[in-house]
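>>> The following block contains a protein sequence and its predicted model.
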Amino acid sequence: MGMENELIDWEQLDMMADGYTPEFVEIYRDFLDQTPELLLTLERHIIEGDLNGAREAAHKIKGSSANFGFLGVSAPMFLIEVRAKEERTLEGAADRLSEARQNFERARAEIHEKRGI
């Protein structure tokens, strides 16, 4: 079906990894370490009703997630970002955040299993 049902863009991940060099693995692990903190920051902005903060946090998470092929994270972040920016609402953002968190953990586990990182 649509993009929202795809968890990982393997082509993007493998292209970024460039043979899964030690340099890539280090950057990837930084991404894994930092993303939960960024998701917490986004959660705070959503709870506070901070449209601009939520939009900026979602944009940042969307970009880094897309770089590593985490479609299941970047897609809901895109939706939060667009709604905050264009519709000036955070309605539905908590659900998208929950979806992104679950997809982050699923993608991390699947990449670990299939790529050993």
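Perfect, thanks for sending it.
>>> what packs against the helix or strand hosting residue 107?
Here residue 107 is covered by helix 93-115, with elements defined by DSSP states H and E. Packing contacts for helix 93-115, counted by 3 or more CB pairs under 8 Å, 6 or more residues apart in numbering; DSSP states H and E, involve helix 10-17, helix 22-48, helix 51-67, helix 71-82. For every residue, glycine as well, the C-beta is placed using N, CA and C.
>>> To residue 116, which of those lies closest?
helix 22-48 (9.6 Å; CB to CB).
>>> buried residues in the closest one?
24, 28, 31, 32, 35, 38, 39, 41, 42, 43, 45, 46 (16 or more other CB atoms under 10 Å).
>>> What is the distance between that helix and the centre of its chain?
8 Å (CA atoms, centre = their mean, to the nearest Å).
>>> and if you look at stretch 101-108?
Distance of stretch 101-108 from its chain centroid, counting by CA atoms, centre = their mean, is 9 Å.
>>> contacting residues around that stretch?
By CB atoms under 8 Å, 6 or more residues apart in numbering, the surrounding residues in contact with stretch 101-108 are 7, 8, 32, 35, 36, 39, 65, 70, 72, 73, 76.
>>> out of the helices and strands packed on helix 93-115, which comes closest to residue 100?
From the helices and strands packed on helix 93-115, taking CB to CB, the stretch that ends up closest is helix 71-82, at 4.5 Å.
>>> Just the buried positions in that closest one, please.
Buried-residue list, helix 71-82, by 16+ other CB under 10 Å: 71, 72, 73, 74, 75, 76, 77, 78, 79, 80, 81.
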